[in-house]
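> generate a structure from the sequence data that follows.
(one chain, ligands or ions: 1)
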Amino acid sequence: MTQSFHPPQRTLMGPGPSDVSPRVLGALGRPTIGHLDPLFIELMDDIKRLLQYAFKTGNELTIPLSAPGSAGMEAAFVNLVSPGDTVIVCQNGVFGGRMKENVERCGATAVMVQDRWGDPVDPIKVEAAFSAHPEANLLAFVHSETSTGVRSDAATLCGIAKAHDALVVLDTVTTLAGIDLQVDNWGADAVYSGTQKCLSCVPGLSPMTFSPAAVDRIQNRKGRVQSWFLDMQLVMGYWGGSSKRAYHHTAPVNALYALHEALVILEEEGLETSFARHHENHLDLVTGLEAMGLEMAVDPAWRLPQLNAVRIPEGVDDAAVRHRLLQEFNLEIGAGLGDLAGKQWRIGLMGHASNSVNVQRCLTALRSVLGR
Ligand SMILES: *Cc1c(COP(=O)(O)O)cnc(C)c1O
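I've put the predicted structure just below:
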């Protein structure tokens, strides 16, 4: 007979998923109720309100999409982009490349703004792209590039888009609850995140928010959205305001209990306190790594506290080190992606996993493995 699956207790310090708090895992196991049960509707309203808090937005259309962050990305593009549109897409890591794929699959043209992997998006290049393509009606970029550990200046980039009457698609999968995110103040229009990074919830949901201007563009589309499941006009009917909720799909009831609990924990701690905790643990990790002679890969001004890119020293076997960390210390850290494979490690300090015990555990384990 096949046995039940019992995973080991790992410490997750990679690019996600991050450690899920016992409170969130506990919520996941509560009794399933119907997804149109009046009590479930109350839970949905709580989740909307808590997500508005986390995103710093008053947007009415603020919901968790029943699919992972990648689906949040796709939902932003399929709803806002029509065939023949021109979209300016910034790429300074893996995820900007996926945005290009999405734009092209919508039948639109992606004008690429390329920056070196490890640098932030350059606002001067974005301004130049708008000057060269006045027809562009959308700007897309990643706030926290998880593949490189780099933050970009979202306020400035959103400002450029506004000045050119373009909407903004903003990836905040690794940002949410880890570093400051001001959806309304910055003027971002379609913003998606994920549950398994700094929210420390189980993977598989994508919190999203759409500005009134984004909703307006969606409602005035000429053609239908190519994806039935991700069509926000239909999703809105299910998550919609006070009106009757129409069945669209069966909500992932227990996963939403988990998200609710993760957001309750965030509200209890307070957003700004959560940011400060991520920042302090990051500084402690950097101090420890540098004391071991390791070098950080990103300029201090643009480092993500929740995702620390570290240069792998000359002559060190990347895969062997990560294998030993996992086998001997039950500790997962991330490998480099793309051109950075074999050159960098990515050490996550996300959400529940951003604590001083994990910082010390990681430093001790690395010291032990590298010392051999
Ligand atoms: C993890 C991540 C995604 C994808 O999220 P999934 O939940 O894995 O689909 C998208 N963008 C960024 C920046 C990410 O870090």
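
> so for the nearest residue to Met350 once chain neighbours are set aside, what pLDDT did the model give?
Nearest residue to Met350 in three dimensions, chain neighbours excluded: Ser18, at 3.8 Å (Cβ to Cβ, 6 or more residues apart in numbering). (Each C-beta comes from the backbone N, C-alpha and C, glycine too.) What the model reports for Ser18 is a pLDDT of 97.

> residues of the stretch 51-200 of the chain that sit close to the ligand?
Within the stretch 51-200 of the chain, the positions lying close to the ligand (Cβ under 6 Å from any ligand atom) are 68-70, 73, 95, 142, 146, 171, 173-174, 194, 196.

> pLDDT on stretch 62-74, on average?
Mean per-residue pLDDT for stretch 62-74: 97.

> what's in contact with that stretch?
With Cβ atoms under 8 Å, 6 or more residues apart in numbering as the test, stretch 62-74 has contacts from 47-48, 51-52, 55, 75, 95, 98-99, 102, 171, 173, 192-196, 203-210, 227, 229-230, 235, 239, 249, 251-252, 255-256, 259.

> the one helix or strand in the chain whose mean pLDDT sits lowest packs against which elements?
Counting by mean pLDDT, DSSP states H and E, the chain has its least confident helix or strand at helix 232-239, which shows a mean of 86. Judged by 3 or more Cβ pairs under 8 Å, 6 or more residues apart in numbering; DSSP states H and E, the packing partners of helix 232-239 are strand 61-65, helix 212-219.

> can you redo the residues of the stretch 51-200 of the chain next to the ligand as a markdown table with secondary structure and neighbour count?
Formatted as a markdown table, those follow (DSSP: H, G, I helix; E, B strand; the rest coil; neighbours: other Cβ atoms under 10 Å):
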| residue | secondary structure | neighbour count |
| --- | --- | --- |
| Pro68 | coil | 16 |
| Gly69 | helix | 28 |
| Ser70 | helix | 15 |
| Met73 | helix | 25 |
| Phe95 | helix | 23 |
| Val142 | strand | 31 |
| Thr146 | coil | 29 |
| Asp171 | strand | 27 |
| Val173 | coil | 26 |
| Thr174 | coil | 31 |
| Gly194 | coil | 30 |
| Gln196 | coil | 24 |
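
> the residues you listed: which two are farthest apart?
Within those, Val142 and Gln196 form the most distant pair, 16.5 Å apart (Cβ to Cβ).

> among the contacts of stretch 62-74, which lie within strands?
Using DSSP state E, the subset of the contacts of stretch 62-74 located in strands is 171, 192, 206-210.

> and of the residues you listed, the nearest to the ligand?
The ligand has its nearest neighbour among the ones in strands among the contacts of stretch 62-74 in Asp171, at 4.9 Å by Cβ to the nearest ligand atom.

> that closest one and Ser4, how far apart?
Going from Asp171 to Ser4 by Cβ to Cβ, to the nearest Å gives 37 Å.

> now swap in Leu337 and tell me
Distance, Leu337 to Ser4, using Cβ to Cβ: 33 Å.

> in contact with the residue most central in space within the chain, which residues?
What sits nearest the mean C-alpha location of the chain, by Cα atoms, centre = their mean, is Val173, with 0.6 Å. Residues near Val173 by Cβ under 8 Å, 6+ apart: 16, 69, 72, 95, 144, 146, 192-194, 197, 206.

> try 6 Å this time
69, 193-194, 197 (Cβ atoms under 6 Å, 6 or more residues apart in numbering).

> can you give me the separation between the closest residue to the ligand within the chain and Val173?
The ligand sits closest to Gly69 of the chain, with a gap of 2.5 Å, by Cβ to the nearest ligand atom. Distance, Gly69 to Val173, by Cβ to Cβ: 4 Å.

> list the contacts of Arg10.
With contact set as Cβ under 6 Å, 6+ apart, Arg10 has these partners: 330, 332.

> distance of it from Asp19?
Distance of Arg10 to Asp19, given as Cβ to Cβ: 8 Å.

> for Thr148, same thing?
Distance from Thr148 to Asp19, counting by Cβ to Cβ: 23 Å.
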